[in-house]
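Participant: structure here, sequence nowhere to be found:
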């Protein structure tokens, strides 16, 4: 039953220092391949969607001001993915405070990126809606960046085309479903242990 696969389940991140609830259908990628120490990666092969939680040193405030931190990270993800086209659809600065710790600021942005998977060239690019939430921990000079990649169009030539399940994509990758999954996940995100930041 496909609906159960979208039940939110709590995952421990970075040895339990943080938690996030994401749909059950997402697998922990570190079981299959090495993942950098500062990242946790969860993916669903049927929809080619993925959640990445990353701990990054806060860039300079000139480069990434607090109120547009998520836009900075959206663009930096586009750059890392060698996106051939990017467009930010929303970057409402959300300066909400997370939890009891008043030096955490959250900003959210999302938009479209056209990017090839792994070594795919531009003509095999997929269209992906990328959602980014940045939790800036002022005292620890750390940006916790949660990105959710949800393909809106998988190029038939793409290396992921053979793995996806069209029915699952229709169910989960539309704008509303992907926004809801991102929103539920980021709202559930909690930092349990600040000592991880040194």
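Facilitator: Structure received. None of the values given here were measured: they were computed from a predicted structure.
Participant: can you pull up the most central residue in this protein?
Facilitator: residue 147 (1.4 Å; C-alpha atoms, centre = their mean).
Participant: would you map the helices across the protein?
Facilitator: Secondary structure of the chain (DSSP state H): helices located at 69-80, 166-172, 175-188.
Participant: which of those comes out lowest on mean pLDDT?
Facilitator: Ranked by mean pLDDT, the helices of the chain bottom out at helix 166-172, with a mean of 89.
Participant: list of residues touching that one?
Facilitator: 2, 6, 25, 44, 46-49, 150-151, 154, 177-178, 181 (C-beta atoms under 8 Å, 6 or more residues apart in numbering). The way it works is simple: take the backbone N, C-alpha and C, and place the C-beta from them, glycine included.
Participant: tell me where this protein is predicted with low confidence.
Facilitator: 1-3, 92-102, 117-122 (pLDDT under 70).
Participant: for the residue nearest to residue 165 when sequence neighbours are not counted, give me its contacts.
Facilitator: Once flanking residues are discounted, residue 165 sits nearest to residue 46: 4.0 Å by C-beta to C-beta, 6 or more residues apart in numbering. Applying C-beta under 8 Å, 6+ apart to residue 46 gives the contacts 25, 163, 164, 165, 168, 169.
Participant: among the helices of the chain, which is nearest residue 197?
Facilitator: helix 69-80 (16.3 Å; C-beta to C-beta).
Participant: report all helices and strands that the closest one contacts.
Facilitator: strand 85-90, strand 104-115, strand 126-137, strand 142-153 (3 or more C-beta pairs under 8 Å, 6 or more residues apart in numbering; DSSP states H and E).
Participant: out of the ones you listed, deepest packed?
Facilitator: Highest mean neighbour count among the helices and strands packed on helix 69-80 (mean count of other C-beta atoms under 10 Å): strand 126-137, with a mean of 24.
Participant: related to what we said a few turns ago, of the contacts of helix 166-172, keep whichever come out buried.
Facilitator: 6, 25, 44, 46-49, 150-151, 154, 177-178, 181 (16 or more other C-beta atoms under 10 Å).
Participant: let me know the closest of these to residue 82.
Facilitator: For the buried ones among the contacts of helix 166-172, the minimum distance to residue 82 (C-beta to C-beta) is 16.0 Å, reached by residue 151.
Participant: and residue 69, how far from residue 30?
Facilitator: Going from residue 69 to residue 30 by C-beta to C-beta, to the nearest Å gives 26 Å.
Participant: out of these two, which sits in the busier spot?
Facilitator: residue 69 (27 against 13; other C-beta atoms under 10 Å).
Participant: so what sits opposite the closest residue in space to residue 81 that isn't next to it in sequence in the bridge?
Facilitator: Spatially, and ignoring its direct neighbours in sequence, residue 81 is nearest to residue 115 (4.3 Å; C-beta to C-beta, 6+ apart). Beta bridges link residue 115 to residue 126, judged by DSSP bridges.
Participant: show me the contacts for residue 115.
Facilitator: Residues near residue 115 by C-beta under 8 Å, 6+ apart: 78, 81, 82, 83, 84, 125, 126, 128.
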